[in-house]
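Trainee: Whatever this is, show me its structure:
(chains A and B)
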Protein chains: 2
Amino acid sequence: MTTQELIDQIKIKKSFLCVGLDVDLNKIPKQLLELEDPIFEFNKAIINATHDLCVSYKPNIAFYEAYGLKGWISLQKTISYINENYPEIFTIADAKRGDIGNTSAMYAKAFFEDLNFDSVTVAPYMGKDSVEPFLAFESKHTIMLALTSNEGAFDFQTLTTNGTRGEAEQSGAKELYKQVLETSKTWENSKNLMYVVGATKAEYFTEIRKIVPDSFLLVPGVGAQGGSLSEVCKHGMNANVGLLINSSRAIIYASNGIDFSEKAREEALKMQQEMEAILN
Amino acid sequence: MTTQELIDQIKIKKSFLCVGLDVDLNKIPKQLLELEDPIFEFNKAIINATHDLCVSYKPNIAFYEAYGLKGWISLQKTISYINENYPEIFTIADAKRGDIGNTSAMYAKAFFEDLNFDSVTVAPYMGKDSVEPFLAFESKHTIMLALTSNEGAFDFQTLTTNGTRGEAEQSGAKELYKQVLETSKTWENSKNLMYVVGATKAEYFTEIRKIVPDSFLLVPGVGAQGGSLSEVCKHGMNANVGLLINSSRAIIYASNGIDFSEKAREEALKMQQEMEAILN
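Mentor: Down below sits the predicted model:
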């Protein structure tokens, strides 16, 4: 999916909601556990109930790997189900991968070719050659961690750094996440980059938009983690919206009874309506 | 496996070699491709031929995920084969994971419980609460990226940082990888931490040992990536050896003929003999 197609979908649906599929067998309705593939059945019901209210689904890969082979099968079935039934949806493999070049290339193959996701999340710590193998997939998108929504974001991401070479050297002291944003713009195919920026840090969006005015930002942390949608939009939205707001637990676990998909739809609808009001 | 048991194995085998199992179907002997599970058959042959010369195997998870479900099955069979036949081996899931707490907990479950690895590699960018769920497994080990062996290591890891809060604030300016090492020592169960330090940066080991004198360091980059074993040992070894030297391609792809496991053994033996000479 191209960036323009994503923007078009946002305008059509009046929504920039991403639903996170972090499926924990301890949290889904008990009656699903009797089925052959409870995770896939849960996802299918959630997807069928919410696909017109969101523009993106984001399976969190950890929640599938934790169940081993069965989890990987559920993941495969979930992404295939979305691609076959709702090809207009932008799919995100939330994997936070990153390794030396030949290894990142294998992760890119896993998520872009084998599973056929539109995008994957990656970590920046290993630098340029750990991310460029993902960027090499011209028709795909690479979503790099910049400033995350968790408490540990303040351990390293907000440290003040002085560049040590090249571009960085000339650009002076800045926080690590800003350096990550600036450096990444120099990488091959950097137009395919989007960034993760946590909603819990809404006041940072103004600064971030100075560095990456046009890029899409994937924003976790609205809802369960306490971030405010209106604050994020106020500081982070650009002319093409430029935001994908993720909500996982608040939507998919709105109920753990047999009405779980209806309740998930109600929560997604609330989010979509808030977004529509902001877009108008 | 406890750290003491690992140290004992190093002394018994006179080796601190870790063999990386980065299995690429394009590089293994063609005749294996006719078998039902070529990756597992390749690994089994390599393991049987080298287990007395090394103390550790490190499957690189990307190379399994790239083959989807089949790859995950090969990974499961490989780790089970090692655990059943060579329980004295220290196993490393080279996965470079890291996410918010509840997600890291799921990755920890995947690698420590479902697959039963002794250790997993993690990335530090998301900070304390992204690593502590791994450290919570008391009998396991968490190997965190510090200074990696690739070119991109110089993009962010060697930037000079000024601490912004708590301990960091008082400890002054230092390179990011040093800050990562120092900060990680304050985390819950940090005794379970080991660190990835690339062999291509041998001159940095002296500085690193000032911060983490007692920790084990997993060292990639000897061989194919150009690092020197003797240089690494000169600057990085401690009283308990404290090093696991990884070699992947130089050993497992020593030949792509039917003699691949014999040639792998020859290469592993060369490494073990170099290590024995250094240990004496």
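Trainee: Spell out which parts of the stretch 151-280 of chain A neighbour chain B.
Mentor: Residues of the stretch 151-280 of chain A that fall close to chain B, judged by CB under 8 Å from any CB of the partner chain: A:151-165, A:168, A:173, A:176, A:179-180, A:183, A:220. Using the backbone N, CA and C atoms, a C-beta is placed for each residue, glycine as well.
Trainee: let's see it at 6 Å
Mentor: A:151-152, A:155-156, A:158-162, A:164, A:183 (CB under 6 Å from any CB of the partner chain).
Trainee: For ChimeraX, what selects the buried ones among those?
Mentor: Selection of buried members from those for ChimeraX, criterion 16 or more other CB atoms under 10 Å in any protein chain shown:
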select /A:151,152,155,156,158,159,160,161,162,183
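Trainee: Show me which pair in the residues of the stretch 151-280 of chain A next to chain B is furthest apart.
Mentor: Using CB to CB, those span at most 27.8 Å, a distance reached by A:151 and A:164.
Trainee: circling back: which one in the residues of the stretch 151-280 of chain A next to chain B is the model shakiest on?
Mentor: Among those, residue A:164 has the lowest pLDDT, at 52.
Trainee: quick one, what contacts the residue most central in space within chain A?
Mentor: Nearest to the mean C-alpha position of chain A, by CA atoms, centre = their mean, lies residue A:218 at 4.9 Å. Shown in contact with residue A:218 (CB atoms under 6 Å, 6 or more residues apart in numbering or on different chains): A:143, A:194, A:196, A:244.
Trainee: just checking, next helix/strand downstream of the helix or strand bottoming out on mean pLDDT in chain A?
Mentor: Of all helical and strand segments in chain A, the minimum by mean pLDDT, DSSP states H and E falls on helix A:166-171, at a mean of 50. Remark: after helix A:166-171, the chain's next helix or strand is strand A:174-175, criterion DSSP states H and E.
Trainee: May I see the buried residues of stretch A:21-35?
Mentor: A:21-25, A:28-29, A:32.
Trainee: I'd like to know which of the residues you listed is nearest to residue B:129.
Mentor: residue A:22 (16.1 Å).
Trainee: Next, the contact list for the closest one, please.
Mentor: Counting by CB under 6 Å, 6+ apart, residue A:22 touches A:60, A:63, A:248.
Trainee: The first one touches residue A:94, doesn't it?
Mentor: To tie it back to what came earlier, the one meant is residue A:60. Yes - using CB atoms under 6 Å, residue A:60 makes contact with residue A:94 at a distance of 4.6 Å.
Trainee: Next, the residue nearest to the centre of chain A: secondary structure please.
Mentor: Under the three-state scheme (DSSP: H, G, I helix; E, B strand; the rest coil), residue A:218 adopts strand.
Trainee: sorry, back to before: as a markdown table, the contacts of residue A:218 with distance to residue A:90, neighbour count and secondary structure would be great.
Mentor: Conversion of the contacts of residue A:218 to a markdown table gives the following (distance: CB to CB, whole Å; neighbours: other CB atoms under 10 Å in any protein chain shown; DSSP: H, G, I helix; E, B strand; the rest coil):
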| residue | distance to residue A:90 | neighbour count | secondary structure |
| --- | --- | --- | --- |
| A:143 | 11 | 26 | strand |
| A:194 | 10 | 22 | strand |
| A:196 | 15 | 25 | strand |
| A:244 | 8 | 25 | strand |
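Trainee: May I ask which two of those residues are separated the most?
Mentor: A:196 and A:244, at 9.9 Å, using CB to CB across the contacts of residue A:218.
Trainee: Dihedrals phi and psi, residue A:52?
Mentor: phi -80, psi -10 (degrees, to the nearest 10).
Trainee: any idea how far the closest residue to it other than its chain neighbours lies from residue A:143?
Mentor: Spatial nearest neighbour of residue A:52, excluding adjacent residues (CB to CB, 6 or more residues apart in numbering or on different chains): residue A:13 at 6.8 Å. Using CB to CB, to the nearest Å, we find residue A:13 at a distance of 20 Å from residue A:143.
Trainee: Excluding covalently adjacent residues, which one is nearest to the residue of the stretch 151-280 of chain A found nearest chain B?
Mentor: As assessed by CB to the nearest CB, chain B sits closest to residue A:152 within the stretch 151-280 of chain A, at 2.4 Å. Excluding the flanking residues, the one nearest residue A:152 by CB to CB, 6+ apart is residue B:127, at 2.4 Å.
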